[in-house]
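Chemist: The sequence isn't on hand, but the structure is:
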């Protein structure tokens, strides 16, 4: 059975009066038993009181921890822009075939040069040596070729596969190519020869 603080105070006052009476009559066995009983009860009551106080303080502690967390979340670091907003994207899109449109018929073993027009659709300048590499299909010669690119965002540029050769066998061939930067990372639209 739980006791209120008012009850505990009243019990403490009564036990104090009993102690004073017992001290006046030290020879009584009855008095000695009275001294120990209220004191032990008071000790137990105080222990319950400490538990009650701790339990009543628990929500305050939780509230404080929530408030601290909210303040941490509102710190300038959490309000900083996302890293992705400052990311440099290298990208380009196919614009048109400059030479040899799709499904163009050529004689077996004929040589040709394929050129595509591309547009820089990323937010970074594409410059320096890139390679155009075969992704799948027929290479019509070597599987990669160097391509020097210099295009700011929004500008068009040309990608060229030179010295290519039509296979000897008469049938339909196709190859898919893509630009790669100096680090070997593919970017931009895939480019077709069909």
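Modeler: Here it is on my side, so go on. This one's a predicted model, so the numbers in the text were calculated from it and none came from an experiment.
Chemist: now stretch 88-95: mean pLDDT?
Modeler: Here stretch 88-95 scores 91 as its mean pLDDT.
Chemist: Next, the buried residues of that stretch.
Modeler: Residues of stretch 88-95 classed as buried: 90-92 (neighbour count, 16 or more other Cβ atoms under 10 Å). In short, each C-beta sits where N, CA and C put it, glycine included.
Chemist: List of residues touching stretch 104-118?
Modeler: Contact partners of stretch 104-118, identified using Cβ atoms under 8 Å, 6 or more residues apart in numbering, comprise 92-100, 140, 151, 156-170, 179, 188-189, 191, 193.
Chemist: Can you give me the neighbour number for residue 149?
Modeler: 20 (other Cβ atoms under 10 Å).
Chemist: Now for it: which residues touch it?
Modeler: Residue 149 neighbours (Cβ under 8 Å, 6+ apart): 126-128, 130, 157, 159, 179.
Chemist: got it, and residue 157?
Modeler: Counting by Cβ under 8 Å, 6+ apart, residue 157 has contacts 92, 117-120, 126, 149-151.
Chemist: Is it possible to mark the buried ones in those?
Modeler: Buried by 16+ other Cβ under 10 Å: 92, 118-120, 126, 149, 151, out of the contacts of residue 157.
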